[in-house]
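**Q** sequence and predicted structure are below.
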Amino acid sequence: MTGDITMNCPICANPLEPGQTSCAGCDLQLDTYRMTLYAPDILFNKAVDYIEKGNYDDACEKLAQANAFQKNDPGILSAWVYAAEMAGNLSLAVKIATDLDKIQNNSPEACKRLFDLQEKFNRIGTQDRKSMEIINLLSAAMHQISRGLDEITNKYPK
């Protein structure tokens with residue numbers, strides 16, 4: 001598959017035949033170059049495979065690697081937003097969606113996606129705060145009950 005694309009040597013611009021492993025003009029070994037050239041696609045495809053299997057954390061890792069090779073690619077970033085959201089990492093999803101929104105010049109679709117993620121992030125954050133308040137109230141109540149039981153035990157020993 002990697003030898004199917006016709007290209008020129010990145011060093012001397014000599015035309016290269018599909019499947020050629022070195023440049024006849026400058027003797028550059030092309031395997032590493034081709035591997036680097038196709039790395040984002042390979043990583044993206046692996047991430048899609050992980051997403052299809054519901055393995056969103058590994059998908060995020062592969063998409064982060066693909067993004068390192070091919071910065072700000074809307075396809076990579078869109079998939080990364082989805083994978084991060086599905087993995088439950090809403091702060092990462094919001095960060096990437098913000099980057100995607102900038103790249104897409106505040107397109108209506110990107111703005112809506114970012115707004116929806118921020119709403120979800122805020123809603124869950126509010127739920128977490130409420131949960132912590134309930135836990136703290138229950139903890140205080142349990143402490144009072146424990147003190148009351150200690151007093152009863154001390155007042156009426158066996």
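**A** Looks like it arrived, so ask away. From a predicted model like this one, the values you see are computed outputs, not experimental measurements. Residues are numbered from 1 along each chain as shown.

**Q** residue 107 - nearest residue in space that isn't next to it in sequence?
**A** Leaving aside its chain neighbours, residue 107 sits nearest to residue 101 (7.6 Å; criterion: Cβ to Cβ, 6 or more residues apart in numbering). All C-beta spots, glycine's among them, are computed from the backbone N, C-alpha and C.

**Q** poorly predicted segments of the protein, please.
**A** 1-6, 106, 110-111, 124-143, 158 (pLDDT under 70).

**Q** pretty sure residue 43 contacts residue 62?
**A** Yes. The pair residue 43 / residue 62 is scored as a contact, 4.8 Å apart, by Cβ atoms under 8 Å.

**Q** where exactly do the strands run in the protein?
**A** 7-8, 15-16 (DSSP state E).

**Q** I'd guessed residue 59 sits against residue 47; true?
**A** Yes. Here residue 59 lies in contact with residue 47, judged by Cβ under 8 Å, at a distance of 4.4 Å.

**Q** any common contacting residues for those two?
**A** 79, 83 (Cβ atoms under 8 Å, 6 or more residues apart in numbering).

**Q** excluding sequence neighbours, find me the nearest residue to the residue nearest to the spatial centre of the chain.
**A** Among the residues of the chain, the one closest to the centroid is residue 60, at 3.5 Å (Cα atoms, centre = their mean). The shortest distance from residue 60 to any non-neighbouring residue, by Cβ to Cβ, 6+ apart, is to residue 83 (4.8 Å).

**Q** next one: the one you found from residue 45, what distance?
**A** To residue 45, residue 83 is 14 Å away according to Cβ to Cβ, to the nearest Å.

**Q** could you do residue 66 as well?
**A** 9 Å.

**Q** neighbour count: the two, which is higher?
**A** Counted by other Cβ atoms under 10 Å, residue 66 and residue 45 do not tie: residue 66 has more neighbours, with 25 against 13.

**Q** check whether that one really touches residue 38, as I assumed.
**A** No. Taking contacts as Cβ under 8 Å, residue 66 lies outside contact range of residue 38: 10.9 Å.
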